[in-house]
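Peer 1: Just a sequence and a predicted model for now, questions to come.
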Amino acid sequence: MLTENIDGKKVAFLLTDGFEDSELTSPWAAVTEAGATATLVSPAEGTVTGKNGHEQSVDLAVSDAGVGDFDALVLPGGVVNADHLRMDDRAVAFVRGFFDAHKPVSAICHGSWILAEAGVLEGRTLTSYPSLKTDLRNAGATWVDEEVVVDQGLTSSRTPDDLPAFNAKTVEEIAEGKHSGQTA
């Protein structure tokens, strides 16, 4: 049970087709139950479909999304989702903008792949799905194999098994707000 209250906060979830279903639905439920408004931002139009069939409507095109409209960002995983997002220049710029604005960002599983592309990992500590370890280290991060890692507003976890800890820390970091150490 999450105890933080994030009433009035606006949280962007950035994803496209091929996301890990539970890595969208579980954090989405956690932030909305804690009082935030969740918005699905995507380069795709209409609906997006997870790898296990969950469909959800896109609320806002990434080309129309502004970092200033949100208090935090969540990056669900899924190999296909993460690979497509990191090749989308607008999605990469959107992610980088949260770091420039010192706002909380949470990434789970393959969701952290776009962080390497955005150039925001130098000197940061995080975790991810183990296959990303070398990519994240090459981007300047210290990679650790832990359930959840929080580094100055950047929350990360490895797999859906870590969702309870990931959700709790995501809500906690959103409640805390901006972090001066959250930089690009």
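Peer 2: Yes, it's here. Residues are numbered from 1 along each chain as shown.

Peer 1: residues touching the closest residue to Ser26 other than its chain neighbours, list them.
Peer 2: What sits nearest to Ser26 in space, not counting adjacent residues and going by Cβ to Cβ, 6 or more residues apart in numbering, is Leu163, at 4.6 Å. (Each C-beta comes from the backbone N, C-alpha and C, glycine too.) Taking Cβ atoms under 8 Å, 6 or more residues apart in numbering as the definition of contact, the neighbours of Leu163 are Ser22, Glu23, Ser26, Pro27, Ile108, Ser157.

Peer 1: So which of those residues are in strands?
Peer 2: Using DSSP state E, Ile108, Ser157 are the members of the contacts of Leu163 that sit in strands.

Peer 1: Generate a markdown table for the contacts of Leu163, with pLDDT as supplementary columns.
Peer 2: As requested, the contacts of Leu163 are arranged in a markdown table below (pLDDT from 0 to 100):
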| residue | pLDDT |
| --- | --- |
| Ser22 | 98 |
| Glu23 | 98 |
| Ser26 | 98 |
| Pro27 | 98 |
| Ile108 | 98 |
| Ser157 | 98 |
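
Peer 1: Would you write a PyMOL line that selects the buried entries of the contacts of Leu163?
Peer 2: This is how PyMOL selects the buried members of the contacts of Leu163, with burial counted by 16 or more other Cβ atoms under 10 Å:
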select buried, resi 22+23+26+27+108+157
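
Peer 1: Any regions of this structure where pLDDT drops low?
Peer 2: Applying pLDDT under 70 to the chain picks out residues 1-3, 184.

Peer 1: need the strands for it, in chain order.
Peer 2: Listed from the start of the chain, the chain has strands (DSSP E) covering 10-14, 37-42, 47-49, 55-57, 60-61, 72-75, 105-108, 125-126, 142-143, 148-151, 154-157.

Peer 1: Distance from the chain centre to the first one, please.
Peer 2: Using Cα atoms, centre = their mean, to the nearest Å, the distance from the centre of strand 10-14 to the centre of the chain it belongs to is 8 Å.

Peer 1: What strands flank that strand, and is each parallel or antiparallel?
Peer 2: Strands adjacent to strand 10-14 in the sheet, as given by DSSP bridges, are strand 37-42 (parallel), strand 72-75 (parallel).

Peer 1: From Val41, how far off is the closest residue to Ala107 other than its chain neighbours?
Peer 2: Taking Cβ to Cβ, 6+ apart, and ignoring the residues beside it in sequence, Ala107 has Leu75 as its nearest neighbour in space, at 4.1 Å. According to Cβ to Cβ, to the nearest Å, Leu75 and Val41 sit 11 Å apart.
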